[in-house]
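Participant: sequence first, predicted model second:
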Amino acid sequence: MNIPMPDFMPALPEMFLLGMTCVILLLDLFLTERSRVVTYLLAQSTLLGALLLTIMLYDNSRTLTFSDTFVLDPMGSVLKGAIYIATFFVFLYSKGYLRARNMFKGEFYILGLFGVLGMNVLVSAHSLITVYLGLELLSLSMYAMVALQRDSVVASEAAMKYFVLGAMASAMLLYGMSMLYGMTGSLDLTHINQVTAAVGSGQQVVLAFALVFIIVGVAFKLGAVPFHMWLPDVYHGAPTAVTLYLSTAPKLAAFAMMMRLLVDGLGGLHAEWQGILVLLAVASLALGNLVAIAQSNIKRMLAYSAISHIGFLLLGVLSGTAAGYAASMFYAITYVVMTLGGFGMVVLMSRAGFEADRIEDFKGLNERSPWFAFMMLILMFSMTGVPPLLGFWAKLAVIEALLGAGGLTWLAVVAVIFSVVGAFYYLRVVKTMYFDKADAGAAAIESTLELRVMLSANGLAVLALGIYPGTLMALCATALSH
Amino acid sequence: MFSDLPLLSLVIWLPILGGILVLAAGSRNALEARVLSLLIAVVTFGISLPLLFNFNTTTAAMQFTELHPWISTWSINYHLGVDGISMPLILLTTFTTVLVIIAGWDVVKSKTAQYMASFLIMEGLMNGVFASVDAALFYVFWEAMLIPMFLIIGVWGGPRRIYATIKFFLYTFFGSVFMLVALIWLYLQSGSFSILDFQTMKIGMEPQIYLFLAFLIAFAVKVPMWPVHTWLPDAHVEAPTGGSVVLAAIMLKMGTYGFLRFSLPITPDASHQLSWLIILLSLIAVVYIGFVAIVQQDMKKLIAYSSISHMGFVTLGLFLAWAIMTNTGSTQGVALGIEGAMVQMISHGFVSGAMFLSVGVLYDRMHSRLIKDYGGVAHAMPLFTGFMVLFAMANAGLPGTSGFVGEFMVILAAFKGNFWYAFLAGTTLILGASYTLWMVKRVFYGEVANPQVAALKDINAREFVILGLLALMVLGLGLWPAPLLDIMRPTVNHLVQHIAVSKL
């Protein structure tokens, strides 16, 4: 039998990632504790290498390979680039944190890289199988990462919760996929789209079930209300370094999963899923913003704020226009940049034996370290959506998409009202840093120089991209104009 | 020699970058921060002067324009320009900032560099609001302003500063987001973010009403109009003196500026239909808030309420247009109301700034703003009393001071519209005189209330300079308002012609 050779080129970054991760995995076994930094450096160079390969492969066309199960397109490439960069920052921020807690082990990086590989596969998926493969590779890596601090009761509890709920969500998704396969007889997303768009009303019930199950799966991974229960507990319970990882790049992958399944695969049913997403989005905006007000732990607060940001992200997708998808992608990238900074600040403030995860740990930061208080100020106002910071343009893009879609103006009004509600808890952090006096004995910040430099770069990027958002927005717009 | 310089960009970015410089250079040495800030503020004021001297008073078009593409995806441009409405406000901003920097000279002792830098950055952002011709750019400056003001009230404010500043932020943020939705809607209809394009495009009646209401929420909060004024007394009372001055003298003007720049020209038909609402709210502000001011125990609160009442005059003048047109059948007299409103805006900038600075002078010495803690200050501080009486007269609208010109013009215009409007507006002459002069009487005259008052030192040279400059402006504008009116006239006439034509 003659099996045709598939075109390997489009998957070059993924193959590079896989190869390098395996090399690091083996190499790490022979490294002593003192030379663990080699693992770290190799992991970082793997990410940079993959970034380079992805940039080299970038062009404005769509290439399918591996029997049409894998796609290389501009949206995927931009998202992958963002994933590598985000993970690079995560590894960099967490180095000192892990060292101080005796967690500076190869596992963190290897699981992290496998997670990146899973995200890449998910981003490039063009068949239900690839979606599921990517998702599971990512999820299993993340479950293990949450449980990395196995002696911590909170972390183990978070990992257990995450695993059980995550497995259920995967099962739901798989169930939906199987119904979709049963109906269309295909796993290929383009083919599914053709069939479902043309399907007669007699089969609508199965289709409706399939759609609902798939949306449940996606909503769980995104953390949209009412499938958000795991999110605050996991963000809170996991070591901050892991929270940093969970809360950033995987959101980009989840966005890509939503785009692949709902837009590429079920684009013909836009009218049906729009209604469901409206409910999810409004519920996420409302619950996320309202419950965040009651939090005293900054990790939980940021978790609820993440839920509300997901609400905004859904708004762009549900508008169903290219501008809306671009707006959501812009929002997702913006969210990742801001969240990196937000949790990065928590890492910065922490030191051995002290997690700095309560909002009151930020008391009087302006007196202790005016520069980092200012960075946190930028991040908080950006999350609020105050110009000229990046978060404002993301909100503007989504609102523009909603108004442009027609008939959704009320949603835009709901969204802006909830962003005013959200302003309150972000302001409270600024208030704590600037208006409250530091407790006597509050220690100065001890952290590595690289963390300080890169976190500053992160904060300034939010400001700089806010003053000049044109390039990033144009990148998202072109990535989705195909 | 100045015509080829990007003057508007300079008055925006020089203070902002200067503020960053002050933060970087002056963190260690407070004196360095003060000197540097004063230098930057004075240079910025100097740069803004050519805007006045080279202003062409024969055209209503935007002048000193700058246009560069900014965000091509949404066709947002960095588009600046000024006309007869915005140019005087930019000068008011650069002038007030110099005074505020001097006023905070040795009063602000903690985090001096951050204090000075906040005001400089505020100045740049406020100039940006007045100079923007692009709606997105306008909104960026409009909102960005909240950040330094939030910090100014929260860090250097009084005992209830945190409550006041969060209330201030949330109120204004809430108002503005509706304007954002309105601006994006206009962009999607017109394909451009240029305010000039918004002004000329046709809009149906129903969208106009929605747009008008969205703008109304944003601007009414900022002015502030009754009943969304409650943030102002809190913010004013708790803010440090400089913060109160900037709030009263400039930030309140942004609301009325917004009416002039957005509501009236973009939605003239909705403005026509809903002008009764604005007139009603304005008259409530003038009369009811006037009464509220009388009973205040706290001087800053009294001035804050008097600000709301005076701003009611501005909004009244702006929206009298259709009453006058229906009553007299012509557009003559409409301009009088709008010009009066604009003169009142500038005048209130000087007068309220002066009043807050004067209270600041007392507060720095006595650390109390309560009227009952004072009495007979005139015995200890004769020079200061002279200034205060002048500003109080201006606040009450005495002829010869700037406060008279605007109020008189608006009342005159109100007569052309409806006798009762004029009658109710006219009560301000009594109410304004009662609350201001009664306060002056209780604080400055009578027996010396207590030994602390007797021991008060009269104003020093620094305070004399600030109050003297403001006194000059108050009298100058009161005795000879013609130059200001000349600057405004072409723009106002153009606006009147524009709003007289339906956009349906």
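Facilitator: Perfect, I can see it now. Model, not experiment: these values are computed from the prediction.

Participant: would you mind listing what in the stretch 251-400 of chain A touches chain B?
Facilitator: A:366, A:370, A:377, A:381, A:384, A:386-388, A:392-393, A:396, A:399-400 (Cβ under 8 Å from any Cβ of the partner chain). Just so you know, the C-beta spots here come from the backbone N, C-alpha and C atoms, and that holds for glycine as well.

Participant: as a markdown table, the residues you listed with secondary structure and pLDDT would be great.
Facilitator: Putting those into a markdown table (DSSP: H, G, I helix; E, B strand; the rest coil; pLDDT from 0 to 100) gives the following:
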| residue | secondary structure | pLDDT |
| --- | --- | --- |
| A:N366 | helix | 86 |
| A:P370 | helix | 86 |
| A:L377 | helix | 93 |
| A:F381 | helix | 93 |
| A:T384 | helix | 92 |
| A:V386 | coil | 91 |
| A:P387 | coil | 88 |
| A:P388 | coil | 89 |
| A:F392 | helix | 93 |
| A:W393 | helix | 93 |
| A:L396 | helix | 93 |
| A:I399 | helix | 93 |
| A:E400 | helix | 91 |
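
Participant: list just the nearest of those to B:G128.
Facilitator: A:P388 (9.9 Å; Cβ to Cβ).

Participant: and the residues of the stretch 251-400 of chain A next to chain B, which is closest to B:L67?
Facilitator: A:P388 (18.8 Å).

Participant: so who does residue 48 touch?
Facilitator: Here I'm looking at chain A. A:L48 sits next to A:Y84, A:F88 when contact means Cβ atoms under 8 Å, 6 or more residues apart in numbering or on different chains.

Participant: wait, chain B was what I had in mind.
Facilitator: B:L7, B:V11, B:I90, B:L91, B:T94, B:N127.

Participant: so which helix or strand takes in B:L316?
Facilitator: Taking DSSP states H and E as the criterion, B:L316 maps to helix B:299-319.

Participant: what about the helix or strand following that helix, average pLDDT?
Facilitator: Where DSSP H and E defines the elements, the next helix or strand beyond helix B:299-319 is helix B:321-328. Averaging pLDDT along helix B:321-328 yields 83.

Participant: against which helices or strands is helix B:321-328 packed?
Facilitator: helix B:268-284, helix B:334-366, helix B:402-417, helix B:482-500 (3 or more Cβ pairs under 8 Å, 6 or more residues apart in numbering or on different chains; DSSP states H and E).

Participant: can you add distance to A:Y235 and give these back as a markdown table?
Facilitator: Formatted as a markdown table, the helices and strands packed on helix B:321-328 follow (distance: least, Cβ to Cβ, whole Å):
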| stretch | distance to A:Y235 |
| --- | --- |
| helix B:268-284 | 46 |
| helix B:334-366 | 46 |
| helix B:402-417 | 56 |
| helix B:482-500 | 53 |
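
Participant: for those, which one sits closest to chain A?
Facilitator: Minimum separation from chain A across these (Cβ to the nearest Cβ) falls at helix B:268-284, 16.8 Å.

Participant: where does the stretch 1-150 of chain B dip in pLDDT?
Facilitator: For the stretch 1-150 of chain B, the stretches with pLDDT under 70 are B:1-3.

Participant: circling back: okay, the helices and strands packed on helix B:321-328 in a markdown table with mean pLDDT, distance to chain A and mean neighbour count next?
Facilitator: Below are the helices and strands packed on helix B:321-328 laid out as a markdown table (pLDDT from 0 to 100; distance: least, Cβ to the nearest Cβ, whole Å; neighbours: other Cβ atoms under 10 Å in any protein chain shown):
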| stretch | mean pLDDT | distance to chain A | mean neighbour count |
| --- | --- | --- | --- |
| helix B:268-284 | 90 | 17 | 20 |
| helix B:334-366 | 89 | 20 | 25 |
| helix B:402-417 | 87 | 32 | 24 |
| helix B:482-500 | 88 | 26 | 18 |
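
Participant: quick one: contacts for B:A449?
Facilitator: B:D373, B:Y374, B:G375, B:G376.

Participant: same deal with B:T97?
Facilitator: By Cβ under 8 Å, 6+ apart, the contact set of B:T97 is B:P15, B:A41, B:T44, B:F45, B:F119, B:L120, B:M122, B:E123, B:V246.

Participant: against B:L38, how distant is it?
Facilitator: 10 Å (Cβ to Cβ, to the nearest Å).

Participant: give me the nearest residue to B:G333, chain neighbours excluded.
Facilitator: B:K416 (4.3 Å; Cβ to Cβ, 6 or more residues apart in numbering or on different chains).

Participant: quick one: the one you found from B:R161, how far?
Facilitator: If you measure B:K416 against B:R161 using Cβ to Cβ, the figure is 45 Å.

Participant: just the contacts of B:S48 now: which is nearest chain A?
Facilitator: Using Cβ to the nearest Cβ, the contacts of B:S48 come closest to chain A at B:N127, 14.8 Å.

Participant: which parts of the chain are strands?
Facilitator: Unless you meant another one, I'm taking chain A. A:63-65, A:70-72 (DSSP state E).

Participant: please go with chain B instead
Facilitator: Along chain B, the stretches classed as strands by DSSP E are B:63-71, B:76-82.

Participant: one step back: adding neighbour count, write the residues of the stretch 251-400 of chain A next to chain B out as CSV.
Facilitator: Output for those, formatted as CSV (neighbours: other Cβ atoms under 10 Å in any protein chain shown):
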residue, neighbour count
A:N366, 25
A:P370, 18
A:L377, 23
A:F381, 27
A:T384, 26
A:V386, 27
A:P387, 28
A:P388, 24
A:F392, 24
A:W393, 30
A:L396, 26
A:I399, 29
A:E400, 25
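
Participant: quick one, helices of the stretch 101-250 of chain B?
Facilitator: B:112-131, B:135-144, B:146-156, B:161-190, B:195-200, B:205-222, B:231-238, B:241-246 (DSSP state H, counting those that start in this stretch).

Participant: the residue nearest to B:T112 when sequence neighbours are not counted - how many residues pack around it?
Facilitator: Among residues not flanking B:T112 along the chain, B:A30 sits closest, at 4.0 Å (Cβ to Cβ, 6+ apart). B:A30: 18 surrounding residues under other Cβ atoms under 10 Å in any protein chain shown.

Participant: which residues touch stretch B:267-277?
Facilitator: Under the contact criterion Cβ under 8 Å, 6+ apart, stretch B:267-277 has outside partners B:203, B:205, B:208-209, B:211-213, B:215-216, B:263-264, B:278, B:319-323, B:498-504.

Participant: quick one: that stretch to chain centroid distance?
Facilitator: Mean-position distance between stretch B:267-277 and its chain equals 23 Å (Cα atoms, centre = their mean, to the nearest Å).

Participant: could you do stretch A:98-118 as well?
Facilitator: Going by Cα atoms, centre = their mean, the spacing between the C-alpha centre of stretch A:98-118 and its chain's C-alpha centre is 17 Å.

Participant: pLDDT of it, averaged?
Facilitator: 91.

Participant: for that stretch, buried residues please.
Facilitator: Buried residues in stretch A:98-118, counting neighbours by 16 or more other Cβ atoms under 10 Å in any protein chain shown, are found at A:98, A:100-101, A:103-104, A:106, A:108-118.

Participant: do stretch A:356-363 as well
Facilitator: So for stretch A:356-363, counting by 16+ other Cβ under 10 Å, buried means A:A356, A:D357, A:R358, A:I359, A:D361, A:F362, A:K363.

Participant: how about stretch B:379-387?
Facilitator: Of all the residues in stretch B:379-387, those buried under the rule 16+ other Cβ under 10 Å are B:H379, B:A380, B:M381, B:F384, B:T385, B:F387.

Participant: the residues you listed into CSV, with extra columns for pLDDT and distance to chain A?
Facilitator: Output for those, formatted as CSV (pLDDT from 0 to 100; distance: Cβ to the nearest Cβ, whole Å):
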residue, pLDDT, distance to chain A
B:H379, 82, 39
B:A380, 84, 35
B:M381, 86, 33
B:F384, 88, 32
B:T385, 89, 36
B:F387, 90, 33
